[in-house]
Every structure is written in C-alpha cells, then in structure tokens.
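Peer 1: Based on what follows, work out the 3D shape:
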Amino acid sequence: MTTPQIELIYWGLIKESTLNPRKTFDIDAIKELAESIAKQGLLQPITVRPFPEMKIEIPKEMKGKLCYQIVCGARRYRAAQYAGLDEIPCIVREMTDEEAFDAMITENLQRKDVEPMDEARAFYELHKRGTSFEELAARFGKSISFIRHRIKLNDLVPELAELLEKKELQISHAQELCKLTVEHQTTLFNDKYSESAQSYYKWNDKSIKDIKNYIESDFRRLDKEIFDKSDCENCEFRCGANALFAEYSENKCTNPDCFDEKVKQHYLILIDEKVSEGYLLVKQDNIHTSMQIVCKNLEESGLSIIERNYKNSDWEHIVEMPERDEDDTDEEWDEAMQDYNNDLAEQNERLENGYQKAVQIEYSGVGIILVKFKENSSSETPEEVIINNQLKELQSKDKRNAEIKIEKIIEDERKLMSESDYITYTFPTTDITETAMMACMLHYADYNTRNEIRDGFNEELSYFENVKLSNFQIKNKIIRSFIQRTITGGDVTYSKDVQSILQAISKEAYPDEAIKIELKHEDAYLKKKENIDKQIKELSK
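Peer 2: The predicted structure is shown next:
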C-alpha cells in the first residue's frame with residue numbers, strides 16, 4: 001500500500017467544511033494544543049481534499065492557486081493557526097462529498113470526548129442519508145435506543161441546545177426536554193432556564209423524575225377522549241408504541257397537534273348534527289385548547305357562536321321568595337322583597353326569551369355547550385305565568401328543604417358515631433356490620449375496580465343495599481382490590497406491618513415468583529456479605 005504523501009500547504013488556502021457535524025470546540029483545549037505545536041510542530045497531519053470552488057484573492061502571490069477543504073483535523077488546524085504556523089502539514093486525498101462526509105462523521109464519532117450535540121448532528125445526517133438505526137448501532141457499537149435518543153436531541157430549541165453545549169444543562173434532562181413541542185420548550189426555557197427566570201438554578205438541579213413528570217403533563221390523555229382511536233393503538237406518537245416514550249403511560253399521546261386535529265374533526269361533525277337539529281352553540285370562558293380551533297373553524301364557515309351569559313347558562317336558577325325573620329325591621333324586609341322582585345323579573349325575562357336549560361355536549365371538558373331555543377307555545381295569561389312561576393318556586397323550595405333534612409340527619413348521625421364508644425362495642429358483629437365493612441373497603445378500593453363494580457349497581461337502591469346484595473365473586477374482588485392497594489402503596493416502604501402483609505399475600509398468591517425474588521436478593525446479599533466478612537477478617541489480623 002502506498003504511503004500517503006504529506007504536503008505543506010499555506011494555511012490561507014485551507015477552508016473548514018460546512019459538512020462537518022462538529023460545531024463545538026473547547027477554546028482552552030485548542031490553546032493548550034497550540035502550545036504543544038509551537039514547541040514540537042504538528043505531529044499528526046490534517047486530511048484535506050482539493051476544493052476548486054474556493055477562490056483566493058489575498059495575498060496576491062497566492063491568487064489563482066488551488067484551495068483545499070478540511071476532511072479531518074479541524075481542531076488541529078485551528079490550533080496550528082494559534083501556534084502561528086504559516087504552512088500546515090496535510091494529507092491530500094481526492095474525495096467526493098459523500099466520501100468526505102463519511103470520513104468526517106467517522107472521525108468525530110470515534111473521539112472519546114465527542115459532545116452530545118455533535119453526536120446528535122452526525123447520527124442525524126447519516127440517518128437522513130439512508131443509514132438505518134440498526135446499521136448505525138452496529139457501526140458505532142451503540143444501542144438502537146441510544147441512537148434514537150441522540151438523534152432526537154436535534155429537536156431541542158436553540159436556547160436549550162446552547163445550554164447543553166455549555167454543559168449548563170444535563171444530558172439526561174436534555175434527552176427528555178427534546179421530546180416537547182417547540183412552543184412548550186420555548187416557554188419552559190423562558191420560565192425556568194433563562195438567566196432572567198427566577199427559578200433558573202433550581203430547575204438545573206431538578207431530578208430526572210421531576211423533569212419526566214413535567215414533560216408528561218404536556219401529553220394528551222387518550223382514555224377520556226371519545227373520538228375514534230383505532231389509529232392510535234400502534235401510532236409512533238403513542239406512549240408505549242414509541243421507543244422514546246416507553247417508560248411513560250401507554251394511554252397518552254405525545255403529538256398534541258395530531259390529537260387536537262382528531263378532537264376538532266370529531267366535534268365539527270357532532271356540532272354540525274346538533275346545529276341542524278336547532279341547537280345554538282355557546283362558548284364558555286374556560287374553553288379547551290382543541291375546541292378553540294373548532295370554534296375558529298366554525299366561525300370562518302359562517303356559524304355564529306354565542307358567548308355564555310346568564311340566559312344561556314347550563315343551569316337554571318329558580319328565584320326563591322324570602323322568609324321574614326322575627327328580628328327583621330320593616331326597612332330590611334322591604335329591601336329583601338325589592339331584591340326578590342328584581343331577581344324574579346330577570347328570571348321571567350330569561351323564560352320569555354325562550355331559553356331552556358342548556359344541554360352539555362357529550363364531553364364535559366371541552367368548554368362548549370349547546371342550547372335549544374324553546375318553542376314559544378305560550379298561551380298562558382300573565383296571571384297563569386305568575387302562578388306557574390310561584391308553583392315552581394314552592395316546588396324548588398320543598399326540594400331544597402328535603403335536601404337540608406338529609407344533610408342535618410347525616411351531620412347529627414356523624415356526630416353521634418364520632419363521640420360514641422362504637423369501637424369498644426361488645427356485641428358480636430352482624431350482617432349489617434360486615435356489609436358496612438365491605439362498603440368501606442369498596443369506597444377505598446382502586447379507582448377502576450370501584451367504578452367497574454358500581455357500574456353494575458341498581459340505581460334504585462342505595463349504595464349500602466347494592467353492596468349487601470353483591471355476590472361472592474364481587475365481594476372477593478372488593479377484598480382483594482383493597483388489599484392490593486394497601487400493600488402496594490407508599491406505606492410499604494417504611495411500615496414493617498404492611499411489609500409483613502405484602503410478603504404473606506405474595507407467597508400465597510404467587511409462591512413460585514415470590515421465592516425467586518427472595519432467592520435473587522438473598523444471593524446478592526450473601527455475595528456482598530462474603531466480601532465484607534473478608535475485609536473484616538483482614539482488618540482483624
């Protein structure tokens with residue numbers, strides 16, 4: 001093999017390549033290398049390729065000479081300039097853009113001190129040019145997950161990328177922050193990381209768990225949405241289906257734009273159907289983000305949207321006539337009656353305008369309600385309208401009095417039980433006691449189990465009566481749900497009592513797995529103990 005010839009080339013004829021993924025240079029390290037070059041010369045030549053596209057005009061004696069582009073050795077080239085070398089030892093190779101780029105990438109990624117953002121740009125360029133994740137992992141001895149996470153760093157906004165390059169942002173934090181949208185990253189930087197942010201240092205010191213919790217708050221929950229989610233199951237943006245978000249909840253979407261578009265399309269169809277049936281669209285103050293887009297589209301299509309007010313509210317207020325207390329003065333009573341008459345007039349105005357109680361649009365979190373204009377079939381005389389209003393008021397009052405009765409019964413019975421000696425009650429437990437215990441356990445069971453069981457309850461019976469009529473399988477499920485929640489909660493980390501319950505249940509329900517777990521950790525402990533005993537023996541000699 002022929003040894004490449006080394007040529008001394010005037011430094012002004014050499015230009016750095018824009019293809020080089022390495023953008024980060026440690027100026028102190030370059031100056032240190034420059035001192036070494038000044039004493040010993042440049043021991044390792046740089047690699048260049050002919051670059052006829054570059055033209056040089058100054059100095060005149062170099063005008064028209066062939067120029068060169070650096071393939072490998074940009075750092076050495078900069079150090080040589082600091083050292084004052086006029087001529088740089090170079091290995092000249094004829095190379096295409098692809099060959100030069102590949103050589104640059106290989107040299108940079110094989111460095112021990114490669115910076116994360118340089119690595120991210122290099123992997124991204126290779127992947128963009130057709131190299132698969134699997135090929136990159138095999139070529140550079142990295143895992144596929146590592147390659148994916150490095151490439152994702154290219155989605156960092158410039159402000160956060162700069163912090164990472166300055167080592168003012170931890171790489172573990174950066175790998176999570178780059179998963180946020182550009183808008184969210186920018187807001188987060190301004191609020192938490194910029195020099196003007198009051199919590200700047202605090203956020204740089206946050207744990208990775210805190211960062212992940214914050215990021216997950218930007219995701220969209222899929223389980224509460226009612227649009228067609230069949231395309232979401234294997235979508236690359238769904239947590240669980242995406243390797244970048246494997247550790248997050250599987251029922252969340254990481255692509256807010258796509259999510260909001262699906263919500264928008266669903267409600268556009270739904271609202272169109274309701275409007276054709278005579279409903280009016282009312283916009284609330286706390287409107288959901290995705291519904292803001294829906295409203296904008298509807299308004300652009302010519303549909304008028306009503307701002308929410310007392311006439312189209314989703315509740316209907318019934319004015320109650322005041323009761324005069326014994327100590328009310330005539331002046332106070334006249335003022336109370338004046339307020340009542342004013343409220344009654346507003347209520348009548350609302351009824352005359354024809355609005356009936358608003359109908360919520362299927363999902364309660366979107367900030368949109370639909371109200372239907374009531375048919376004006378008023379054949380009543382003014383006297384009949386007043387009488388009917390008074391009847392409504394009396395019926396409403398009776399309903400509220402019945403509610404107050406229950407509230408007072410509950411409060412007094414709660415006081416009775418809290419102050420009683422019920423805990424030391426000597427009589428045997430009864431069926432009612434056992435049912436009450438089962439009902440309390442269900443009340444504190446996990447959310448999904450509690451809702452699943454309660455969905456099967458008879459609505460005409462009370463909660464207690466439904467629990468009493470539950471079959472053997474349901475009662476077993478209540479008990480086990482209560483136990484599972486207790487032994488897997490936070491108490492188990494410090495309560496030896498709960499730990500003893502956990503171990504007993506684990507061995508009963510899953511004996512083989514429990515034994516394997518104990519043997520694994522016992523083996524690890526014995527190995528550590530053997531090492532410690534050996535050190536103790538050495539120190540005791």
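
Peer 1: Okay, now the unreliable bits of the stretch 101-250 of the chain?
Peer 2: Low-confidence segments of the stretch 101-250 of the chain, defined by pLDDT under 70: 111-112, 198-202, 218, 224, 226, 240-250.

Peer 1: Strands of this structure, start to end?
Peer 2: For the chain, the strands defined by DSSP state E cover 6-10, 14-15, 46-50, 68-72, 87-92, 220-221, 252-253, 279-283, 306-307, 359-360, 368-372.

Peer 1: Of all these, which one is nearest residue 299?
Peer 2: Closest to residue 299 of those, according to CB to CB: strand 279-283, at 9.7 Å. Any C-beta I mention is one placed from the backbone N, CA and C, and that applies to glycine too.

Peer 1: Packed most tightly, which of the strands of the chain would that be?
Peer 2: Neighbour counts (mean count of other CB atoms under 10 Å) averaged over each of the strands of the chain peak at strand 68-72, with a mean of 23.

Peer 1: Could you pull up the mean pLDDT of that one?
Peer 2: Averaging pLDDT along strand 68-72 yields 90.

Peer 1: Now tell me what touches that strand from outside.
Peer 2: If you take CB atoms under 8 Å, 6 or more residues apart in numbering as the criterion, strand 68-72 is touched by 9, 13-17, 20, 46-51, 54, 77, 90, 92-93, 95, 100, 103-104, 107.

Peer 1: same question, stretch 180-195
Peer 2: Stretch 180-195 is contacted from outside by 155-157, 159-160, 163, 169, 177-178, 196-197, 199-200, 203-204, 214-215, 218, 256-257, using CB under 8 Å, 6+ apart.

Peer 1: Let's see that with 10 Å instead.
Peer 2: For stretch 180-195, contacts defined as CB atoms under 10 Å, 6 or more residues apart in numbering pick out 155-163, 168-169, 173, 177-179, 196-204, 206, 211, 214-215, 217-219, 254-257.

Peer 1: Now do the buried residues in it.
Peer 2: By 16 or more other CB atoms under 10 Å, the buried positions in stretch 180-195 come out as 180, 184-185, 188-189, 192-193.

Peer 1: hmm, back to that, looking at the strands of the chain, which has the lowest confidence?
Peer 2: Among the strands of the chain, strand 359-360 has the lowest mean pLDDT, at a mean of 44.

Peer 1: what about stretch 143-157, start to end distance?
Peer 2: Counting by CA to CA, to the nearest Å, you get 25 Å between the two ends of stretch 143-157.

Peer 1: Check the offset of it from the chain's centre.
Peer 2: The chain centroid and the centroid of stretch 143-157 are separated by 19 Å, computed with CA atoms, centre = their mean, to the nearest Å.

Peer 1: next one: stretch 121-136
Peer 2: Stretch 121-136 has its C-alpha centroid displaced from the chain centroid by 28 Å (CA atoms, centre = their mean).

Peer 1: Only C-alpha atoms, please: export it in PDB.
Peer 2: The C-alpha coordinates for stretch 121-136 follow below in PDB (Å, rounded to 0.1, in the frame of the first residue of the first chain):
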ATOM      1  CA  ARG A 121     -26.000  16.000  14.300                       C
ATOM      2  CA  ALA A 122     -23.700  13.300  13.000                       C
ATOM      3  CA  PHE A 123     -26.200  10.500  13.600                       C
ATOM      4  CA  TYR A 124     -29.000  12.600  12.200                       C
ATOM      5  CA  GLU A 125     -27.100  13.300   8.900                       C
ATOM      6  CA  LEU A 126     -26.200   9.600   8.500                       C
ATOM      7  CA  HIS A 127     -29.800   8.500   9.100                       C
ATOM      8  CA  LYS A 128     -31.100  11.200   6.800                       C
ATOM      9  CA  ARG A 129     -28.800   9.900   4.100                       C
ATOM     10  CA  GLY A 130     -30.300   6.400   4.400                       C
ATOM     11  CA  THR A 131     -28.400   4.600   7.200                       C
ATOM     12  CA  SER A 132     -30.900   2.700   9.400                       C
ATOM     13  CA  PHE A 133     -30.900   2.800  13.200                       C
ATOM     14  CA  GLU A 134     -29.800  -0.800  13.300                       C
ATOM     15  CA  GLU A 135     -26.800  -0.100  10.900                       C
ATOM     16  CA  LEU A 136     -25.800   2.900  13.000                       C
END
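
Peer 1: Need the residues that contact that stretch.
Peer 2: So stretch 121-136 is in contact with 19-24, 98, 101-102, 104-109, 114-115, 137-140, 142-155, 243, going by CB under 10 Å, 6+ apart.

Peer 1: Got the confidence number for residue 515?
Peer 2: So, for residue 515, pLDDT stands at 90.

Peer 1: what separates it from residue 522, distance-wise?
Peer 2: 10 Å (CB to CB, to the nearest Å).

Peer 1: now do residue 129
Peer 2: The spacing between residue 129 and residue 522, counted by CB to CB, is 52 Å.

Peer 1: ditto for residue 235
Peer 2: 43 Å.

Peer 1: between those two, who's got more neighbours?
Peer 2: Comparing residue 235 with residue 522 by other CB atoms under 10 Å, the one with more neighbours is residue 235, at 15 against 10.

Peer 1: quick one: the more buried one and residue 87, what's the gap?
Peer 2: For residue 235, the distance to residue 87 equals 58 Å [CB to CB].

Peer 1: who are the neighbours in contact with the nearest residue to residue 119 once chain neighbours are set aside?
Peer 2: Closest residue in space to residue 119, ignoring its immediate chain neighbours: residue 150 at 5.3 Å, by CB to CB, 6 or more residues apart in numbering. Each residue near residue 150 by CB under 10 Å, 6+ apart is listed here: 116-117, 119-124, 136, 142, 171, 175, 178.

Peer 1: One more: residue 38?
Peer 2: Residues near residue 38 by CB under 10 Å, 6+ apart: 79-80, 82-85.

Peer 1: try 7 Å
Peer 2: Listed by CB atoms under 7 Å, 6 or more residues apart in numbering, the contact set of residue 38 reads 83-84.

Peer 1: buried ones in stretch 252-271?
Peer 2: Across stretch 252-271, burial judged by 16+ other CB under 10 Å covers 252-256, 259-260, 262-264, 266-267, 270-271.

Peer 1: er, stretch 512-531 actually
Peer 2: By neighbour count on 16+ other CB under 10 Å, the buried set for stretch 512-531 is residue 514.

Peer 1: Quick one: distance of that stretch to the chain centre.
Peer 2: Centre-to-centre, stretch 512-531 and its host chain are 37 Å apart (CA atoms, centre = their mean).
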